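Asks: generate coordinates for the sequence data below:
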Amino acid sequence: MKAVMYNYNTWLKYEEEKTAIKKFEKMLSDSGFNVINKVEHFFDTQGYTRIMVIGRKSFCNTYISRRKQNVYRNIKLCKKILW
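Replies: Next up, the predicted model:
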């Protein structure tokens, strides 16, 4: 069996950290993923970074830039999904 990884990345419109993460975790949950572990860091004036393990061989990271007013999201998954 050949291992396949699907990569999704995008820039999004800026949202407050709590709002963006809550929406994203709901989207993951609705797609059948569970957040297994997460690490996050708030930068004083710059923004926010979060890395989440969301399943076997699947993870995502989110960076929110307050200064540039945008959100970058990168997701690597072991199964193909349609969002």
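
Asks: surely Trp11 and Lys68 touch.
Replies: No: in this structure Trp11 lies outside contact range of Lys68 using CB atoms under 8 Å: 9.6 Å. All C-beta spots, glycine's among them, are computed from the backbone N, C-alpha and C.

Asks: list the residues that contact both of these two?
Replies: Shared contacts of Trp11 and Lys68 (CB atoms under 8 Å, 6 or more residues apart in numbering): none.

Asks: contacting residues for Phe42?
Replies: Taking CB under 8 Å, 6+ apart, one finds Glu17, Tyr48 in contact with Phe42.

Asks: could I get the full set of strands for this protein?
Replies: Assigned by DSSP state E, the chain shows strands spanning 6-13, 37-43, 47-55, 58-65, 70-77.

Asks: now Val39. Nearest residue, chain neighbours left out?
Replies: Ile51 (5.1 Å; CB to CB, 6 or more residues apart in numbering).

Asks: who does that neighbour form a beta bridge with?
Replies: Val39, Asn61 (DSSP bridges).

Asks: what about it, how many neighbours?
Replies: 15 (other CB atoms under 10 Å).

Asks: try Asn9
Replies: Neighbours of Asn9 (other CB under 10 Å): 11.

Asks: residues contacting the closest residue to it other than its chain neighbours?
Replies: Spatial nearest neighbour of Asn9, chain neighbours left out: Asn74 (4.3 Å); criterion: CB to CB, 6+ apart. Taking CB under 8 Å, 6+ apart, we find Asn74 in contact with Asn7, Tyr8, Asn9, Cys60, Asn61, Thr62.
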